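Q: Just a sequence and a predicted model for now, questions to come.
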Amino acid sequence: MATMRDPLVKVDHLPASPDLLKVTVGRLETGKSWVVDFRTVPHWLNAGATQSGKSNLANALIVGLAPQPVALVGFDLKGGVEFTPYSPRLSALATDRTESLKLLDDLVGLMIDRMGLCRQAAARNIWQLPPALRPVPIVVLVDELAELYLMADKSEKDEIARTSTALLRVAQLGRAFGIYLFCCGQRIGSDLGPGVTALRAQCSGRICHRVNDPETATMTLGDLDPAALASARAIAAETPGVAIVASQDGQWYRARSFYVSEHTAEHAAKTYAHLALPWDEITAHLPDYDPSELIDA
Ligand SMILES: Nc1ncnc2c1ncn2[C@@H]1O[C@H](COP(=O)(O)OP(=O)(O)OP(=O)(O)O)[C@@H](O)[C@H]1O
C-alpha cells in the first residue's frame, strides 16, 4: 500500500468529498443515523398520507444540501406553495405542467450532454471526470408526484405521456450523470399509469410514512420484504416523521426524521442563496434540440 503521495496521481483526479450528496435526516430504530446518500442510492420515493411527515423530510434535505456544491431543482405542481419559499436556493422551480415539461426536457438534454462529455473522456460517470470538467450534480425534488400524471382532460394526454417518459429517462440514466430524484407523494398507485410503476422500479430508495391507502404502501415497499409493508401499515398518526426506509442493501428499517421546520429550511435556502447556480448558466451550453428526439433516443 502506498504511504507517500504518488507523484503520478494527478490532484485533479481526486474524488469528490465523501460527504457530498449525503444528508443525515433522522435516526433509525437501531440507533444509527438515517442517511440519505444520493451517490449510493440515486433515486428515492417518499410516500405518505397528509400530515405523515413527507414535507418535514424534504425540509431536512433542503437544509442538508443547501450548503453543498450541488444544484437543487423543484417540481411543485400544487402551484408552488411547498417549494417557493426555498426558491432562493433553487436553480429552477416548475409550478405547472408546461414548466415541468420544459424543465424535464432540460434535464434530459443535460444528461445527453454529460453522456457525451463522459464518452469523450473515457469516463463511466461524472465522478470519473477531472473536477475541472465535472458538471454540477443536480438533486431534483418532486413535491406531489401524482400531479405530474393526473389528467384533467384528454388534451393533456400527450403532455403527460412526454412528462412521464422524460422523468423515467432521468431515472434510468441519472445516476451516472449526476442527476438524482427525490419524489414525494401521497398516492403512488398504479392507477396513475404504467409510467409510475416503471419509475418505481428505478427508485431503489424507498421511504414509506403512514399511508391511508394500502396500495401506496404496496407500491412503495411491496416488492421488498412483506414484513416491511406490515410495519408501514402499523405506523400511528400521532408519530409524524416515522417511516419505513429501505434501500439497495435489501434491508429495511423503521426510522424517524429529525424535526425540521419550514422556517429552518427557508432560512437555509436564504443563507446559501449564493450557491444557487442560475438554471440559464447550467443549461447555457446546451444546443437547440428537439427534446422528443432525445427522449426517443
Ligand atoms: N420527525 C418529526 N418530528 C416531529 N414532528 C414532525 C416530524 N415530521 C413531521 N412532523 C410534524 O407533523 C406535521 C405534518 O408533517 P408534514 O407537513 O411534513 O406532513 P406531510 O406529509 O408533508 O403533510 P401534507 O401532505 O399535508 O403536506 C407537521 O406539523 C410537522 O411539523
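A: Yes, it's here.
Q: from memory residue 255 sits against residue 242, does it?
A: Yes. Counting by Cβ atoms under 8 Å, residue 255 touches residue 242, with 7.3 Å between them. All C-beta spots, glycine's among them, are computed from the backbone N, C-alpha and C.
Q: I'd like to know how far residue 104 sits from the ligand.
A: Counting by Cβ to the nearest ligand atom, to the nearest Å, the separation of residue 104 from the ligand is 23 Å.
Q: And that residue, how close does it get to residue 212?
A: 29 Å (Cβ to Cβ, to the nearest Å).
Q: Over to residue 62?
A: 26 Å.
Q: neighbour count winner among the two?
A: residue 62 (27 against 14; other Cβ atoms under 10 Å).
Q: so is that one in a helix, a strand, or just coil?
A: The three-state assignment at residue 62 reads helix, by DSSP: H, G, I helix; E, B strand; the rest coil.
Q: Tell me the pLDDT of it.
A: Note on residue 62: pLDDT of 98.
Q: Kindly report the same for residue 10.
A: So residue 10 comes in at 41 (pLDDT).
Q: ok, how many other residues are close to whatever residue of the stretch 101-250 of the chain ends up closest to the ligand?
A: Residue of the stretch 101-250 of the chain nearest the ligand, by Cβ to the nearest ligand atom: residue 241 (2.1 Å). Neighbourhood size, residue 241 [other Cβ under 10 Å]: 22.
Q: and it, what does it touch?
A: 26, 53, 56, 57, 209, 256, 257, 258, 259 (Cβ atoms under 8 Å, 6 or more residues apart in numbering).
Q: Let me see the contact set for the fifth one.
A: This points to residue 209. 46-49, 52-54, 57, 235, 240-243.
Q: With the second one instead?
A: The contact partners of residue 53, taken as Cβ under 8 Å, 6+ apart, are 209, 210, 240, 241, 242, 243, 257.
Q: Please state the offset of stretch 120-130 from the chain centre?
A: Centroid separation between stretch 120-130 and its chain, computed with Cα atoms, centre = their mean, to the nearest Å, is 22 Å.
Q: residues of it that come out buried?
A: If you call a residue buried by 16 or more other Cβ atoms under 10 Å, then stretch 120-130 has these buried ones: 123, 126, 127, 129.
Q: Surely the third one forms part of a helix?
A: Yes. If the criterion is three-state DSSP, then residue 127 is within a helix.
Q: so it sits right up against residue 133, yeah?
A: No. Using Cβ under 8 Å, residue 127 makes no contact with residue 133, being 11.4 Å away.
Q: Show me what counts as buried in the helix or strand where residue 35 lies.
A: Per DSSP states H and E: residue 35 is located in strand 33-37. The neighbour-count check on strand 33-37 (16+ other Cβ under 10 Å) flags 34, 35, 36, 37 as buried.
Q: Strand partners (parallel or antiparallel) of it?
A: Take DSSP bridges as the rule and strand 33-37 pairs in its sheet with strand 22-28 (antiparallel).
Q: which outside residues touch the partner strand?
A: Contacts of strand 22-28 (Cβ under 8 Å, 6+ apart): 33-39, 57, 60-61, 63-65, 241, 245, 253-258.
Q: Buried among those residues? Need that as a selection in PyMOL.
A: A single PyMOL command selects the buried members of these (16+ other Cβ under 10 Å):
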select buried, resi 34+35+36+37+38+39+57+60+61+63+64+65+241+245+253+254+255+256+257+258
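Q: Find the nearest non-adjacent residue to residue 78, please.
A: residue 144 (5.7 Å; Cβ to Cβ, 6 or more residues apart in numbering).
Q: List the residues that contact residue 254.
A: Counting by Cβ under 8 Å, 6+ apart, residue 254 touches 28, 29, 231, 242, 243, 244, 245.
Q: Let me see the confidence value for the nearest residue to the fifth one once chain neighbours are set aside.
A: Same thing as residue 243. Of all residues not flanking residue 243 in the chain, residue 209 sits nearest, at 4.5 Å (Cβ to Cβ, 6+ apart). In the prediction, the pLDDT value recorded for residue 209 is 97.
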